[in-house]
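Colleague: Have a look at this prediction, sequence included:
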Amino acid sequence: MKTTRKIEDNQATEAPKNEGNQTNLLIRGIAVSGGVGIGQAVVIERITTDISPRRIIKPEEVSSEIERFTNAVGEAADRLKGIKRGINVDHPLSEHRYIFDTQIMLLHDRMFFDATKKAIAAELQNAEWAISDVITKITAAFDTIEDEYLRERARDIYFVGERVLKILMGVRSETKIHQLPPNSIIVSHDLSPADTVQMAKESVIGFAVDMGGKTSHTAIMARSLKIPAVTGLDRMSSLVQTGDTVIVDGSTGVVIVNPDPDTIFRFRERQEVYRKYHQSLLAFGKLPAVTSDGVRTMRITANIELLDEVEIAISHGSEGIGLFRTEYLFLGRRTAPDEEEQYEAYRHVLARHDPNPVTIRTLDVGGDKISYNLNLAHETNPALGLRAIRLCLSRRDLFKTQLRAILRAAVHGYCRLLLPMISCISEIHLAKEVLEEVKDELAAEGKEFRRDVKLGILVEVPSAVTIADMLAREVDFFSIGTNDLIQYALAIDRVNEHVNYLYDTLHPAVLRLIQQVTNVGQAGGVCVSMCGEMAGDPINIPILLGLGLDELSMNALSIPMVKKLIRSVRMDECLDLTHQVFKMQGAQEIRALMEEWIRTRFPRDYFVGHS
Ligand code: PEP
Ligand code: MG
C-alpha cells in the first residue's frame, strides 16, 4: 500500500553479510523520520533466547559441551572486567560500575552456572538451549516474588545469560552505545526506546532498523531528535557490517549500503535541499494556524518525550505541549525517578511554556516501552496487557508519586493531566479517587499544589469511542491517540513491520471513529484534540480541519509545515474534501485523492518529501 519493503540488487534469500562489499546495495523500508544521514554503520546486535539454536547432543558430547559453556562464561567475565576498566571516574556511568561486579559474580552463581551444566548433562541439551531454558525458568520464578530487589536480580541473571549466549553464538562484541564514534548510523534488527534514550545523540546521524513501523516509539523518538530514520528493513541488519558506509534517507525510506562516490554526491545534494527546505519553513512556525479565509483557528502544540525537546518545540512554533510522554523519564536507567526528580522535570516544562498549556500524560509503560526498573512481568501480548492506566491503578505507589509531582509542579504553569488508555468509565473513577487522595495528602502536609488541574483522557481504545458521551461527562478534554486507536481498531500491531502495509490513517473506519469522538465530545462540552502521529502528517490536515478538531499536537518538526498548510487553505475546500472522502470506501482511494490534492496545491513540499 504505502511503502513496499524490498531488497534491490541483492536478491539473496539467506541474508549473507554484504561480504563482497557490493556497492550501492539499495534497501527500501518505511520512511519514519525525514532527512538524509550519511555515515558509518554501527551494527547493534541483539540476541534473544528464542532464536538460540537448539539441539539434542549425544551422551559422548556432554563433557565437550560443558567445556564450551565454561569457556564462554570465562570469556564473558573477561569482557565484563574490560568494560568496567573502561569506565573511569569522569564517565557519566561511573557510579554504576558495581553493576559489573554483580554480573561477574552471577556468572558463577549456582542458579545459573550449575543449573546450566546440569541441563546439558541430564537433558542432553546443547549449551545455548540449556542457558535459554535456565534463564527463562529463573525469570519466571522470580517474577512471582513480591520483593523488588530479588526480582531485579532475575533480570541481572537474564543479562548475564544473554551475554554468554552471544559469545556461544559468535555474535560480535559489545557496542558501546554511550560512546559512539561521530557520524554513526545505527543499524539494528530491533531497537528499544530504552536503547535510543541511552545513545550518545550528538554522534548519531541516522537509524536503519529491521523492525517497526511509523508509530513505533523508536520512530517517534528519531523524529523528536531530528535524526533521519528508516524502519521495516526486514533483514537489512544482517547485510551490513560495522564500518560500512551507509546512507539513510528518512524521507523516502531508502537505505544504501556502500554507496559509490557519485551516489554519495547525489545524496549530499539531497541532504542540502532538505536542510534548506526545512529552514525556509521555520518562519511559518511563528504564525497562528488560521485558515486563509479566517474561518478557523487551531491550536498547534508539540509532543515531547525528553526535556531536550522543550526548546525545539518552542523554536518550531508550538503553542504549548499537547503530549508529554513522561514514561521516558523512566526508561534506560536502573532506578525509577523519585517525586523530586519528576517534580523538577514537570516544573521545567510548565514554566518554560507558561502561559501556554502543557499536557502531562501519566505513565504509559508497557507495549513497546519496557521499563526494567519497574520490574514488569513478562506478558505474551503486552499491547493488550497491564499497560498505561491499568498499570498505574495496580501500582498505586508509582501513580501517587507521579500525581504528587504533577500537582506540585502545576503551580508553575498551565497544566493539563492526561490519562492514557482509558477503556471504561471505572478507570476514570478510580483515577479520580487516587487524585483526591493525593490532594488530601498534599494539603495535610502543607505542600503547595494546584487543585484545579484540567483532567483529560487519551481516546485510543475503540471502546472509549463507543462510550465517548459518558466519558465526556467525566473529564475536561479528549485527546485522540491515533497510534493506538488504529492499532486496536484495525487489529494491526503498530511495531510489526509485516502488517504495516495495512496501517492507514485514512482507513474509512479510522475516519469515522475520529468523526464520532469529535462530534460526541464537542456536543458534551469537551475540547477535542489529536496527539497521534496522524496529526502531524500534512496529508490528513484538510480532513482534520473539516472534522472540526480543536487542537493538533505533533512532533515539533512538523509544526511549520502544518501551519503553512492550514494558513493556505480555505474552510470550504476542506469541508468539500472531507465530504468527498466520507463517500469513499477504501483507504487507497482516499489516499490517492489526498496525495493528488497535496501534489497540486503544494508541489515543492511534495517534491522534497517524495523525490
Ligand atoms: C497514541 O497512541 O496515539 C499516542 C499518542 O500515544 P503513544 O504513541 O505514546 O502510545
Ligand atoms: Mg498510545
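Modeller: Received it, and whenever you're ready, just let me know what you need. Ligands and ions are numbered 1, 2, ... in the order given.
Colleague: Touching, Met584 and Pro508? I think so.
Modeller: Yes. The criterion here is C-beta atoms under 8 Å, and Met584 meets it with Pro508 at 6.9 Å. Yep, even glycine has a C-beta here, placed from its N, CA and C like the rest.
Colleague: Near ligand 1, which residues of the stretch 201-350 of the chain are found?
Modeller: 323, 325 (C-beta under 6 Å from any ligand atom).
Colleague: Same question for the chain.
Modeller: Residues of the chain lying near ligand 1 (C-beta under 6 Å from any ligand atom): 323, 325, 364, 460, 481-484, 531-532.
Colleague: Name only those of those residues that count as buried.
Modeller: Buried subset of those (neighbour count, 16 or more other C-beta atoms under 10 Å): 323, 325, 364, 460, 481-484, 531-532.
Colleague: if we can go back for a sec, between Met584 and Pro508, which contacts overlap?
Modeller: Common neighbours of Met584 and Pro508, using C-beta atoms under 8 Å, 6 or more residues apart in numbering, are Ile590.
Colleague: Show residues contacting the helix or strand where Leu350 lies.
Modeller: For Leu350, the host element (DSSP states H and E) is helix 339-353. For helix 339-353, the surrounding residues in contact (C-beta under 8 Å, 6+ apart) are 304, 307, 310-311, 314, 318, 320-321, 324, 326, 329, 337, 358, 360, 401-402, 404-406, 408-410, 412-415.
Colleague: re earlier: restrict the residues of the chain next to ligand 1 to those near ligand 2?
Modeller: 460, 481, 484 (C-beta under 5 Å from the ion).
Colleague: From Lys432, how far off is the residue nearest to the second one when sequence neighbours are not counted?
Modeller: Nearest residue to Gly481, sequence neighbours excluded (C-beta to C-beta, 6 or more residues apart in numbering): Glu460, at 3.3 Å. Between Glu460 and Lys432 the computed distance is 19 Å (C-beta to C-beta, to the nearest Å).
Colleague: before we move on, what about Ile167?
Modeller: According to C-beta to C-beta, Ile167 stands 52 Å off from Lys432.
Colleague: ditto for Phe207
Modeller: Going from Phe207 to Lys432 by C-beta to C-beta gives 40 Å.
Colleague: now Trp597
Modeller: For Trp597, the distance to Lys432 equals 43 Å [C-beta to C-beta].
Colleague: Which one's more surrounded, those two?
Modeller: Trp597 (17 against 14; other C-beta atoms under 10 Å).
Colleague: List the contacts of that one.
Modeller: Contacts of Trp597 by C-beta under 8 Å, 6+ apart are 542, 577.
Colleague: Numbering from 48 from now on, please.
Modeller: Okay, residue one is now 48; in that scheme the one you just asked about reads as Trp644.
Colleague: Now it: which helix or strand?
Modeller: Assigned by DSSP H and E, Trp644 belongs to helix 634-648.
Colleague: Just give me how far that helix sits from the chain centre.
Modeller: 28 Å (C-alpha atoms, centre = their mean, to the nearest Å).
Colleague: Leu329 against His363, yeah?
Modeller: Yes. Using C-beta under 8 Å, Leu329 is in contact with His363, at 7.1 Å.
Colleague: on contacts alone, who are the packing partners of the helix or strand hosting Leu592?
Modeller: Here Leu592 sits within helix 588-594, counting by DSSP H and E. Counting contacts by 3 or more C-beta pairs under 8 Å, 6 or more residues apart in numbering; DSSP states H and E, helix 588-594 packs against helix 555-570, helix 606-615, helix 618-630, helix 634-648.
Colleague: Try it again at 6 Å.
Modeller: helix 618-630 (3 or more C-beta pairs under 6 Å, 6 or more residues apart in numbering; DSSP states H and E).
Colleague: what's the pLDDT at the most centrally placed residue in the chain?
Modeller: With distances taken as C-alpha atoms, centre = their mean, His264 lies nearest the centre of the chain, 1.1 Å away. At His264, the model reports a pLDDT of 73.
Colleague: just to revisit the earlier point, look up how far Thr262 lies from the residue nearest to Gly528.
Modeller: Taking C-beta to C-beta, one finds Glu507 at 11 Å from Thr262.
Colleague: Also His400?
Modeller: For His400, the distance to Thr262 - C-beta to C-beta - is 25 Å.
Colleague: re earlier: tell me which of Leu329 and His363 has more neighbours.
Modeller: His363 (25 against 14).
Colleague: Quick one: residues contacting the more buried one.
Modeller: By C-beta atoms under 6 Å, 6 or more residues apart in numbering, the contact set of His363 is 332, 603, 606.
Colleague: and ligand 2, which of those residues contact it?
Modeller: Among the contacts of His363, not one lies near ligand 2 by C-beta under 5 Å from the ion.
Colleague: Show me just the buried residues among the contacts of helix 386-400.
Modeller: 351, 354, 357, 361, 365, 367-368, 371, 373, 376, 384, 405, 407, 448-449, 451-453, 455-457, 459-462.
Colleague: Look up the pLDDT of the residue nearest to Arg520 when sequence neighbours are not counted for me, please.
Modeller: Excluding the flanking residues, the one nearest Arg520 by C-beta to C-beta, 6+ apart is Gly571, at 6.4 Å. We have a pLDDT of 97 for Gly571.
Colleague: From Phe524, how far off is Gly571?
Modeller: Distance of Gly571 to Phe524, computed by C-beta to C-beta: 11 Å.
Colleague: of these two, who's got more company?
Modeller: The residue with more neighbours, out of Gly571 and Phe524, is Phe524; 21 against 17, by other C-beta under 10 Å.
Colleague: how close does the more buried one sit to ligand 1?
Modeller: To ligand 1, Phe524 is 14 Å away according to C-beta to the nearest ligand atom, to the nearest Å.
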